[in-house]
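> The sequence and its predicted three-dimensional model are supplied below.
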Amino acid sequence: MTGLLLGLDGALGDFSAAVGDGAPLAQSLDGTHALEGGLGLIQDVLEASGHALTNLDGVAVGTGPGRFTGLRIAVSFAKALALGARLPLVGVSSFDILDESVGADGRTPRLTIVSGRPGVICARRIDASGARTACGPVSSALARLVEPAEKSLTVIGATEDVLVALGERASSVLPIASGTENVAVALLRVARRSRPLLSAHALRADYGELPAARLPS
């Protein structure tokens, strides 16, 4: 999708917004304030960039996996803005955002990790055979993607517990920390290589491993 884009993400921690068609202007706020402050942040970014919603050529949003509440808020805002302003909408995976933020394309085999809640991850493995994903408790998710005694593996966005678990499975692990770049800026770069959806209603969030339901006592 080309032109002047608004990018939003709430799945990867902070609630982030970016606007631009070259060097985007971006801002973030703590994800716990996304519901109350998210629309205000979007307005601030638009005003700071000198643009209005009606000037945009499209909206891009992170579709997860990641933090459940932040993801739902960002997707809801993006759909509402796209529908209200009649703009094209494109969704971008959290895995693609993280890979883009550290320039990981071409590194294989690689494992990209998204931590949604303590002890639970979603991971995507890319190697010569393609891409596979797994979500769940750290040990079980890694067991589905990493062979015992694997020789070498590049890992992006891993937390300490993930690195410890990987050390028990792979002989050589090259960890790459998530970049310091604003998440929405990396999202916009991926969005420019993606096709918009036929309808904003077609956007689907990837919630990964949902919390277990609890029956009322």
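That came through fine. Residues are numbered from 1 along each chain as shown.

> rest of the way, CA atoms for contacts and neighbours
OK.

> shaky segments in this structure?
For the chain, the stretches with pLDDT under 70 are 210-217.

> what ranges do the helices span in the chain?
Listed in chain order, the helices of the chain (DSSP state H) span residues 34-49, 68-85, 94-102, 138-143, 160-167, 183-191.

> buried stuff in the fifth one?
Put plainly, it is helix 160-167. Of the residues in helix 160-167, those buried under the neighbour-count criterion (16 or more other C-alpha atoms under 10 Å) are 162-163, 166.

> Over to the fourth one?
Neighbour-count burial for helix 138-143, counted by 16+ other C-alpha under 10 Å, picks out 138-139, 141-142.

> Next, the contact list for the residue nearest to L87 when sequence neighbours are not counted, please.
Excluding the flanking residues, the one nearest L87 by C-alpha to C-alpha, 6 or more residues apart in numbering is G58, at 5.1 Å. Residues near G58 by C-alpha atoms under 8 Å, 6 or more residues apart in numbering: 1, 3-6, 82, 87-90.

> Of the helices of the chain, which stretch is the most buried?
Mean neighbour counts were taken over the helices of the chain using mean count of other C-alpha atoms under 10 Å, and the top value, a mean of 26, falls to helix 183-191.

> For that one, enumerate the helices and strands it packs against.
Contact here means 3 or more C-alpha pairs under 8 Å, 6 or more residues apart in numbering; DSSP states H and E; on that basis helix 183-191 packs against strand 5-9, strand 15-20, strand 58-62, strand 89-92, helix 94-102.

> go with 7 Å
Helices and strands in packing contact with helix 183-191 are listed as strand 5-9, strand 15-20, strand 89-92, helix 94-102; criterion 3 or more C-alpha pairs under 7 Å, 6 or more residues apart in numbering; DSSP states H and E.

> got JSON lines for those, with distance to A74 too?
Written out in JSON lines, the entries for the helices and strands packed on helix 183-191 read as follows (distance: least, C-alpha to C-alpha, whole Å):
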{"stretch": "strand 5-9", "distance to A74": "6"}
{"stretch": "strand 15-20", "distance to A74": "8"}
{"stretch": "strand 89-92", "distance to A74": "11"}
{"stretch": "helix 94-102", "distance to A74": "13"}
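
> Excluding chain neighbours, what is closest to the residue nearest in space to the middle of the chain?
What sits nearest the mean C-alpha location of the chain, by C-alpha atoms, centre = their mean, is S94, with 2.2 Å. Counting by C-alpha to C-alpha, 6+ apart, S94 lies nearest to G64, which is 4.9 Å off, once chain neighbours are set aside.

> for A123, same thing?
I113 is the one closest to A123 (C-alpha to C-alpha, 6+ apart), at 4.6 Å.

> Now do the one you found against R193, distance only.
Distance of I113 to R193, computed by C-alpha to C-alpha, to the nearest Å: 22 Å.

> what does A104 give?
Plainly put, A104 is 16 Å away from R193 if you go by C-alpha to C-alpha.

> quick one, which of these two is more surrounded?
Taking A104 and R193 together and counting by other C-alpha atoms under 10 Å, A104 has the greater number of neighbours (17 against 10).

> List the residues that contact the residue nearest to the centre of the chain.
Counting by C-alpha atoms under 7 Å, 6 or more residues apart in numbering, S94 touches 62-65.
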